[in-house]
Every structure is written in C-alpha cells, then in structure tokens.
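S.K.: sequence-free structure coming up:
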C-alpha cells in the first residue's frame, strides 16, 4: 500500500506580510518607479513573490516582482530576487516561434539552406501510392527517383495559396482584364491534378510570365485583346459658327441711257423693246432713217413687217 502524500505546508504568514520589506527592496532597484502593491503570490512554504505596479514610462501594465524567503521558522526574511515582469494587460512581444517556422516566402537568399522536417505532412515517400497518377509517374525518374513527392495535403495547400495569391482570380489585375487566362493562347496547362485550375503564363510581356496562374486570372496582355486604333492626336469635331453671317454683295445692274429707254406701252405698233435696243446699239434713233431701211447690213427684205414703221407715209 502506497503511503499517503503529506499535505503541503502552509506559507509562512511572515512572508505574506513582508510587503514593506519587499517594497524597500524594489525601491533600492527602481527608486520612485515602484507603485502600489498588487498581490502576493506564494511560491512554496518558504517563498512569496510580492507584485508592485511599475510607474516606469513605456512599461504600462508591467510589475515589479520581489521574491522573499527564509530558511525556516524564526529565521530572518531575505530577498531572493527583484525583477520587472509583464502583467496581464502589458504590451509584450508575440510568442516565440522557432526559426524554421518564421521563414516566409521571399526570405531565402543566395546560399541559404532551408531543410524540411522528416515528418513534413506536405511530403510523402516516393514509393507510396498517390491519388495523382502524374505524381507517381514523376517519382520514377532516372536512378532511384525522388525520395519524397507531394502529398494530398501539400497539393491542397499549394492550390489554396496560388488561388489567393497575386495571380489568382481575386487579384486587381484579373478583375480589370478583358478575358481569363483559360481562353488565352499563352496559357500553358500544367499536368496532374493541378491542371484542372492552374497553368503557366508564357507571355514575356505579361506580369505573370513564367508564373503559375489560375485559369480565371487575366491581364491586359491576353492573346485576343482588341484595342481600337485611333489617332494619337486629338481632332476636334467640325463646328459651324452661325452667330455671324458672311455675305457677298451683288454687283449693281448697268444703267441704260434715258433716251434709249421707252415704256413698252408707248412703242409704235409692230416694234418691240428689242428693236429699240438694236437701234440704240447701232447709233440711230427711231425715225432717223428712211422708212423700211435697216441699219443692219444683213438683208431683211424677206422679213414681213407686222405694221407700218414709224416715219412712213401711212
């Protein structure tokens, strides 16, 4: 029968009540930066830690911790240590992370080595069966083949990372592209299960050249992008200004001398205005020549007269 463990000894009340003694020790270390007493935390039967607010600039929420103890009953109380510790509301650095888990994408430089853990769940031994036939085929290469290949977990993590990355369907470039990579002539589909949603861009002018892109990613360098060809020089539209009218004055009609003008109603019977003009052009006045005599050298004997000519006998 195993012995019953002895009950833990109660903390010495002298240690719990040694507040002033602990404060004096803290003030020796920190001077006036020691604030009010916060709590007394028993460490064991012979040690107690007294906590004081730290009135230290830049250390809000921190506390001065003074641990006091003694060697036994009726022995003097002594100071074990005085340290500055963060309280529950103190601003502290994040929890420590091992180096191999702190490395991010882009941190690896020339000559750096980044070994993987033997139990990395992203990789499986190359001799194990895989649910991706293309990975199994790639595992059996020259020589003994690759020792480890991508596991299903590794493929899913990579797909999620590529989907949410700079060349996924949610990128700003993809939202403003004229079409998706799946319809682009520069899209090279990858083999295996990745090929259902991912490929490689082969356009040297595209921002994703040589990168893994999602089938719904896109950019302005799409093979079928069409751009309207317009003149680089701004040409203004033709505008008619009808606020001001331009006009050309008509030339004045030539005046006819008064003696050549005769109202049509006053002409003799059988004479027209054309005959008057003809006489005026020839320099003869009506009645200035013999009756029936024409000033025109052309013979008009055959032309009948409509009536007596002015100046004849009747």
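M.R.: Noted; the coordinates are in hand. Since the model is a prediction, treat every value here as computed from it, not as a measurement.

S.K.: From the contact counts, what lies against the helix or strand residue 25 falls within?
M.R.: Using DSSP states H and E, residue 25 sits in helix 19-30. In terms of contacts (3 or more C-beta pairs under 8 Å, 6 or more residues apart in numbering; DSSP states H and E), helix 19-30 is packed against strand 34-44, strand 47-54, strand 62-69, strand 78-86. The way it works is simple: take the backbone N, C-alpha and C, and place the C-beta from them, glycine included.

S.K.: can you put the ones you listed in CSV and add distance to residue 11, mean pLDDT and mean neighbour count?
M.R.: Formatted as CSV, the helices and strands packed on helix 19-30 follow (distance: least, C-beta to C-beta, whole Å; pLDDT from 0 to 100; neighbours: other C-beta atoms under 10 Å):
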stretch, distance to residue 11, mean pLDDT, mean neighbour count
strand 34-44, 4, 92, 15
strand 47-54, 6, 94, 22
strand 62-69, 10, 94, 23
strand 78-86, 14, 93, 14
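
S.K.: Serialize those strands to TSV and add fields for distance to residue 170.
M.R.: Below are the helices and strands packed on helix 19-30 laid out as TSV (distance: least, C-beta to C-beta, whole Å):
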stretch	distance to residue 170
strand 34-44	49
strand 47-54	47
strand 62-69	43
strand 78-86	39
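
S.K.: list the buried ones in the helix holding residue 25?
M.R.: For helix 19-30, the neighbour count (16 or more other C-beta atoms under 10 Å) marks 21-23, 25-27, 30 as buried.

S.K.: Nearest to residue 97, out of the helices and strands packed on helix 19-30?
M.R.: strand 78-86 (18.2 Å; C-beta to C-beta).

S.K.: neighbouring strands for the closest one, and are they parallel or not?
M.R.: Here strand 78-86 is paired, per DSSP bridges, with strand 62-69 (antiparallel).

S.K.: thought residue 183 was touching residue 224?
M.R.: Yes. Here residue 183 reaches residue 224: they are 6.9 Å apart, a contact under C-beta atoms under 8 Å.

S.K.: Could you tell me the average pLDDT over stretch 108-123, please?
M.R.: The average of the pLDDT scores along stretch 108-123 is 75.

S.K.: let me redo that: stretch 223-243
M.R.: The pLDDT scores in stretch 223-243 average 69.

S.K.: hmm, back to that, residue 173: which of the helices and strands packed on helix 19-30 is closest?
M.R.: Among the helices and strands packed on helix 19-30, the nearest to residue 173 by C-beta to C-beta is strand 78-86 (44.5 Å).

S.K.: ok, then the element right after that closest one?
M.R.: Per DSSP H and E, the first helix or strand lying C-terminal to strand 78-86 is helix 99-102.

S.K.: by contact count, what packs against the next helix or strand after that following helix?
M.R.: Where DSSP H and E defines the elements, the next helix or strand beyond helix 99-102 is strand 123-125. Judged by 3+ C-beta pairs under 8 Å, 6+ apart, strand 123-125 is in contact with strand 148-150.

S.K.: Each with direction, which strands does the strand it packs on pair with?
M.R.: Per DSSP bridges, strand 148-150 is paired in its sheet with strand 123-125 (antiparallel).

S.K.: Can you give the contact residues for the strand it pairs with?
M.R.: 116, 130, 147-151, 154 (C-beta atoms under 8 Å, 6 or more residues apart in numbering).

S.K.: Equivalent analysis for stretch 179-198, please.
M.R.: Stretch 179-198 has contacts (C-beta under 8 Å, 6+ apart) with 131-135, 155, 158-159, 162-163, 169, 174, 199-203, 206, 212-218, 221-225.

S.K.: now those: which count as buried?
M.R.: For those, a burial check counting by 16+ other C-beta under 10 Å picks out 132, 135, 155, 159, 162-163, 169, 174, 199-201, 203, 206, 212-215, 217-218, 221-222.

S.K.: Report the beta-bridge partner residues of residue 67.
M.R.: Beta-bridge partners of residue 67, counted by DSSP bridges, are residue 49, residue 81.

S.K.: check contacts around it.
M.R.: Taking C-beta under 8 Å, 6+ apart as the criterion, residue 67 is in contact with 43, 47-50, 79-82.

S.K.: what's near enough to touch residue 170?
M.R.: Applying C-beta under 8 Å, 6+ apart, the residues contacting residue 170 are residue 164.

S.K.: buried sites along stretch 86-101?
M.R.: Buried residues in stretch 86-101, defined by neighbour count with 16+ other C-beta under 10 Å: residue 87.

S.K.: Right, I'll leave it there.
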